[in-house]
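S.K.: following is a predicted model, sequence given first.
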Amino acid sequence: MSWNVKQWWEARHNGKAATAAMQASPAGSGLRAAATFAARLTFEKVERSYDANDALRGVDLDIAPGEVVCLLGPSGCGKTTLLRIASGIERPTAGRVLINGSEVAGPSRFVPPEQRSVGLMFQDFALFPHLTILQNVAFGLKGLAPDVARREAVSVLSRVGLESYANSYPHILSGGQQQRVALARAIVPRPSVVLMDEPFSGLDVQLRDSMQEETLALLRETRATCMIVTHHPEEAMRLGDRIAVMRAGRVVQLGRAEELYHHPAELFVARLFSEINELDVTVKGGVIDMPFGRVPAPGMANGERATMCIRERGIRLRPAGTCGLAGRVLHVKFLGDFGLVEIGVQGFDEPLRARTRVAVGESWRKGAEVGVEIDPERILVFPRVRQETA
Ligand code: ADP
Ligand code: MG
């Protein structure tokens, strides 16, 4: 690697540690890259402050060998910081990071990025414009004999279908192709842990689905443990064996997609995974009296105020007078597979929004009288709290 390229890279990615993180030495390096052995990745009470700003406020997270965990949360909640700490580019202010139970960052030890067997993929792919595609991929291999490094790089490049571009430069590639090169560079040293920061955010929507499938297949082949940062709930559900939802520097819930959808720990999580109507209600005698019946509010005190969430897909419209509560359609938006219908419903102060399948020939016109059915299984109740947003 020429001095210029290195300097360019380090200026963009915060110093020498970033370069080191891209150049994980393959275990047993010298002759050829060793096979991947997936590793357990553990965070214990990890904190990171920047002056007065607490980017991470005590993160506990344990990722099993070979598992894919998505970090999901809004911008600024600390996702990238956690990834950088795992890679060794950043040091925690407090707490510990362990790989296979052995401390790599903490009060007593700091293992530099190149010795952690982590592969890193940045949000903007960060390919070197002055290096060929093959050189970009081979950059991930440090300490191998040049002919061995070349062979390994060609093999991974052909696995991602870009062998014929080996001697081209990155600027001629499409976004999806650049993503594949960045992925190839991250996995070529066969790291035990692969860390990806919003790997699909630079791609257009049509490309995203297929790239997600391809990437997941490749990650399964490498058998590496993987942490993927995203702020798209659907992407997290597609990719992650489990999802760690982050808010304001903490993991607020960790679980499989179904668990997070059906049993969100707080309103913030419910909002991420489902479109909901939020109603201010008061608990009386352990239940909430609603026009459609009683909703249990276990563990909540008499007189306590709560937020009731009714999923938009949990509301069904029927012909007027046949069943449900009496309602009137206030507004309709046709959105293809479903319609978004705003309805004034008897007994409710505010209109409700329903997402409902629109059958051919059926239309819920503005002003129409309807029956409104609410599915009790699609209701969630949370104690009323002031919600932080980031
Ligand atoms: P995310 O990736 O979830 O969008 P980040 O981890 O990038 O969030 O940032 C978390 C918080 O830490 C933000 O408030 C951000 O401004 C702050 N932060 C991150 N890196 C630095 C830094 N190098 N210097 C100062 N503040 C930083
Ligand atoms: Mg980020």
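M.R.: Happy to help now that I have it. Ligands and ions are numbered 1, 2, ... in the order given.
S.K.: and Gln44, what element?
M.R.: If you look again at residue 44, you'll see it is Glu, not Gln. When secondary structure is defined by DSSP states H and E, Glu44 falls within strand 41-50.
S.K.: close to ligand 1, is that strand?
M.R.: Yes: Strand 41-50 is in contact with ligand 1 by Cβ under 6 Å from any ligand atom, via Tyr50. For the C-beta atoms, the positions are set from N, CA and C on the backbone; glycine is no exception.
S.K.: partner residues bridging the residue in the stretch 101-250 of the chain that ligand 1 sits nearest to?
M.R.: Using Cβ to the nearest ligand atom, the closest approach of the stretch 101-250 of the chain to ligand 1 is made by Val229 at 6.4 Å. Note on Val229: beta-bridge partners Leu71, Asp197, judged by DSSP bridges.
S.K.: contacts for the strand holding Glu44 next, please.
M.R.: The set of residues external to strand 41-50 that reach it, using Cβ atoms under 8 Å, 6 or more residues apart in numbering, is 54-63, 78, 81-82, 85-86, 90, 92-99, 101, 106, 193, 225, 227.
S.K.: quick one, what contacts Ala224?
M.R.: Counting by Cβ under 8 Å, 6+ apart, Ala224 touches 36, 38, 66, 119, 187, 190-194.
S.K.: tell me the confidence at it?
M.R.: Confidence at Ala224, expressed as pLDDT, is 92.
S.K.: what residues of the strand holding Glu44 count as buried?
M.R.: 41-44, 46-48 (16 or more other Cβ atoms under 10 Å).
S.K.: quick one: average pLDDT of that strand?
M.R.: The average pLDDT for strand 41-50 rounds to 98.
S.K.: stretch 340-353 too?
M.R.: Computed over stretch 340-353, the average pLDDT equals 96.
S.K.: any idea how far apart the tips of it sit?
M.R.: Start-to-end span of stretch 340-353 (Cα to Cα, to the nearest Å) is 7 Å.
S.K.: go on, stretch 137-147?
M.R.: Counting by Cα to Cα, you get 14 Å between the two ends of stretch 137-147.
S.K.: swap in stretch 125-135?
M.R.: For stretch 125-135, the first-to-last residue distance is 15 Å (Cα to Cα).
S.K.: in strands only, show me the contacts of strand 41-50.
M.R.: Residues of the contacts of strand 41-50 located in strands (DSSP state E): 54-63, 94-99, 193, 225, 227.
S.K.: hmm, which of these are the buried ones?
M.R.: For those, a neighbour count by 16+ other Cβ under 10 Å gives the buried set as 54-56, 59, 61, 63, 95-99, 193, 225, 227.
S.K.: which two in the residues you listed are spaced the farthest apart?
M.R.: Asp54 and Thr225 (26.9 Å; Cβ to Cβ).
S.K.: need the helix or strand of this protein with the lowest average pLDDT.
M.R.: In the chain, the helix or strand scored least confidently by mean pLDDT, DSSP states H and E is helix 3-12, which has a mean of 52.
S.K.: got the CA positions of stretch 367-386 in PDB?
M.R.: The C-alpha atoms that make up stretch 367-386 are tabulated as PDB, following Å, rounded to 0.1, in the frame of the first residue of the first chain:
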ATOM      1  CA  GLY A 367     -68.400   9.700   4.500                       C
ATOM      2  CA  ALA A 368     -69.400   6.000   4.400                       C
ATOM      3  CA  GLU A 369     -70.900   4.400   7.500                       C
ATOM      4  CA  VAL A 370     -69.000   1.400   8.700                       C
ATOM      5  CA  GLY A 371     -68.800  -1.200  11.400                       C
ATOM      6  CA  VAL A 372     -65.400  -1.100  13.200                       C
ATOM      7  CA  GLU A 373     -64.000  -4.300  14.700                       C
ATOM      8  CA  ILE A 374     -60.900  -4.100  16.900                       C
ATOM      9  CA  ASP A 375     -58.800  -7.300  17.400                       C
ATOM     10  CA  PRO A 376     -58.100  -7.600  21.200                       C
ATOM     11  CA  GLU A 377     -54.900  -9.500  20.400                       C
ATOM     12  CA  ARG A 378     -53.500  -6.500  18.600                       C
ATOM     13  CA  ILE A 379     -53.600  -4.200  21.600                       C
ATOM     14  CA  LEU A 380     -50.700  -3.200  23.800                       C
ATOM     15  CA  VAL A 381     -50.700  -1.200  27.000                       C
ATOM     16  CA  PHE A 382     -47.800   0.700  28.500                       C
ATOM     17  CA  PRO A 383     -47.400   2.800  31.600                       C
ATOM     18  CA  ARG A 384     -47.500   6.500  30.500                       C
ATOM     19  CA  VAL A 385     -44.000   7.800  30.600                       C
ATOM     20  CA  ARG A 386     -42.300  10.800  29.000                       C
END
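S.K.: distance check, Phe382 against ligand 1.
M.R.: In this structure, Phe382 and ligand 1 are 24 Å apart, going by Cβ to the nearest ligand atom, to the nearest Å.
S.K.: look at that residue and give its secondary structure.
M.R.: Following DSSP: H, G, I helix; E, B strand; the rest coil, Phe382 is assigned to strand.
S.K.: in contact with it, which residues?
M.R.: Residues in contact with Phe382 (Cβ under 8 Å, 6+ apart) are 266-267, 270, 306-307, 309.
S.K.: beta-bridge partners for it, please?
M.R.: Thr307.
S.K.: how much space between it and Gly249?
M.R.: Separation of Phe382 from Gly249 (Cβ to Cβ, to the nearest Å): 21 Å.
S.K.: any idea how far Met290 lies from Val372?
M.R.: Separation of Met290 from Val372 (Cβ to Cβ) stands at 12 Å.
S.K.: ditto for Arg357
M.R.: The value you get for Arg357 to Val372, if Cβ to Cβ is used, is 15 Å.
S.K.: swap in Ala244?
M.R.: Ala244 sits at a distance of 37 Å from Val372 (criterion: Cβ to Cβ).
S.K.: this protein against ligand 1: which residues are in contact?
M.R.: Taking Cβ under 6 Å from any ligand atom as the contact definition, the chain meets ligand 1 at 50, 53, 55, 73, 75-81.
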